[in-house]
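Participant: the following block contains a protein sequence and its predicted model.
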Amino acid sequence: MKKPLLLLALVLLCPLLSPGWGFFAHRTINQIAIYTLPKAMQGFYYRHMPAIVRLSTAPDERREEDPTEANKHFIDMDHYGDDPFGMMPKTWEKATAKYSADTLRKYGTVPWVIIDVKEKLTEAFRQRDSTAIVRLSAELGHYVADAYVPLHTTINYDGQLTNQQGLHSLWESKLPERHMSEWKLDSEKGEYLKDPQRSVWQVIQESYGFLGATFDMEEKVTRTFTPETKYVFSHKYGKTRRAYSDAFADAYNKEVGAQVAFRLKLAPTMVSSLWLTAWQDAGKPDLDALLASRPGKAEKEKLEAELKVWSKNELIPQDMLLALHKQAAVERPDLINSAKDMAPILTEEAAVAAPPAVPAPVAGAPAPAVAPEKVKVKSKTSEGTEKRKEKKKKEPKKADDGWG
């Protein structure tokens, strides 16, 4: 695949402004995580790879519908003082006792959410619930990936406090979209975590440590640009929006791109390690037995070939990175009544003889028009008052289209 076409595809497929890693990076991380699993788990996860990749963005997609979702993706450690990692208790119970649950939720809960979803995944393995395993694995991958983003550990998450607005999207979305083809996605194999809570907090602390370079390198690159070349502007829905230009993104990538690539490379290993830990804590159930059919020779050979392509860092050139493929629309049930609640279908003869059906009122729709009644009108003349009846002219009734 030629690079210009690749970059165009990335821009078209990935949203410019998305919380956490961009959709492109989230999907990539979950796919690579499957390649880093042990053989005993890989067949099940590879069979469900399209769903796990697609569902990796579900937590971001439900933000607008679920008011409790947003704070699950970050933790503003700088709110907790100059030594936040020394001050912050690592368990939820001790942290809430010290700071209150409301305070923790206000400033983000991602480390505890990761542990909570990991425990739910462990239970799904115990119950041999393949649907829950797929969904929870995908969502666990999302939250773990978010913990690898430095800007998810600070109140100044978008550079809004330092006149660097748009830095969040630049770091996590635009750089991967424009430069991932240059990075090596050779993540290490997942391992069992004896203390998942400690491992997750280690990730948060490492991300926090990258904040200085994240902001400082933006300032350094800014010195070589003018406002006209640093930003691009778009006018939509009556508002003017500002974003970093492609030229600035490429210059910033030369300074900080290795950091972004490094964090993206580490994330899949932690994701697969937590999947592996949940599976092992559940007693290592036979995952192939949960499949409709066990992996056959052709499927195993396909996986082996794909693993070789990944080891050579050729997923993108060989068009095997699912994040670059158009996501299939998810089928949703039609919003209609069940068959037992619907009126019976009439034969042609019965339909002719039957009286016209009166539509049931629609909730929220205006009431049907009522024919005007005869009203008495008094009119006064020079000779006195006389009574007369007057009938208002009937207006043709409009069809009710359900709109107010």
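Facilitator: Okay, I see it.
Participant: which stretches of the chain form strands?
Facilitator: 231-236, 239-244, 375-381, 384-390 (DSSP state E).
Participant: what is the mean pLDDT for the last one?
Facilitator: Confidence over strand 384-390, taken as the mean pLDDT, stands at 45.
Participant: list the contacts for Tyr192?
Facilitator: With contacts defined as C-beta atoms under 8 Å, 6 or more residues apart in numbering, the neighbours of Tyr192 are 273, 276-277, 280. The C-beta positions use only the backbone N, C-alpha and C, and glycine is treated the same way.
Participant: and the gap between it and Arg242?
Facilitator: The span separating Tyr192 from Arg242 equals 46 Å under the rule C-beta to C-beta, to the nearest Å.
Participant: how near is Pro84 to Trp310?
Facilitator: Pro84 sits 37 Å away from Trp310, going by C-beta to C-beta.
Participant: again with Ser234
Facilitator: Relative to Trp310, and taking C-beta to C-beta, Ser234 is found at 36 Å.
Participant: using JSON lines, lay out the contacts of Tyr192 together with neighbour count, pLDDT and distance to Thr28.
Facilitator: Shown next, in JSON lines, are the contacts of Tyr192 (neighbours: other C-beta atoms under 10 Å; pLDDT from 0 to 100; distance: C-beta to C-beta, whole Å):
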{"residue": "Ser273", "neighbour count": "22", "pLDDT": "98", "distance to Thr28": "17"}
{"residue": "Leu276", "neighbour count": "21", "pLDDT": "98", "distance to Thr28": "20"}
{"residue": "Thr277", "neighbour count": "21", "pLDDT": "98", "distance to Thr28": "22"}
{"residue": "Gln280", "neighbour count": "16", "pLDDT": "98", "distance to Thr28": "25"}
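Participant: which of the residues you listed sits closest to Ile29?
Facilitator: Minimum distance to Ile29 across the contacts of Tyr192 is 12.9 Å, recorded for Ser273 (C-beta to C-beta).
Participant: show me where the stretch 101-250 of the chain has its helices.
Facilitator: Applying DSSP state H, counting those that start in this stretch to the stretch 101-250 of the chain gives helices spanning 101-106, 110-126, 130-147, 167-169, 175-179, 196-209, 211-222, 227-230, 246-281.
Participant: for the stretch 101-250 of the chain, give me the ranges with low pLDDT.
Facilitator: Low-confidence regions of the stretch 101-250 of the chain, defined here as pLDDT under 70, do not occur.
Participant: not counting its neighbours along the chain, what's nearest Ala70?
Facilitator: Once its chain neighbours are removed from consideration, Ala70 has its nearest residue in Arg63; the separation is 5.6 Å (C-beta to C-beta, 6 or more residues apart in numbering).
Participant: phi, psi for that neighbour please.
Facilitator: Dihedral angles of Arg63 (phi, psi; degrees, to the nearest 10) stand at phi -60, psi -40.
Participant: of Pro84 and Trp310, which one has the most company?
Facilitator: Neighbours per residue (other C-beta atoms under 10 Å) separate Pro84 from Trp310, with Trp310 holding more: 21 against 17.
Participant: distance of that one from Asn163?
Facilitator: From Trp310 over to Asn163 the distance is 41 Å, taken as C-beta to C-beta.
Participant: give me the number of residues near Arg242?
Facilitator: Neighbours of Arg242 using other C-beta under 10 Å come to 13.
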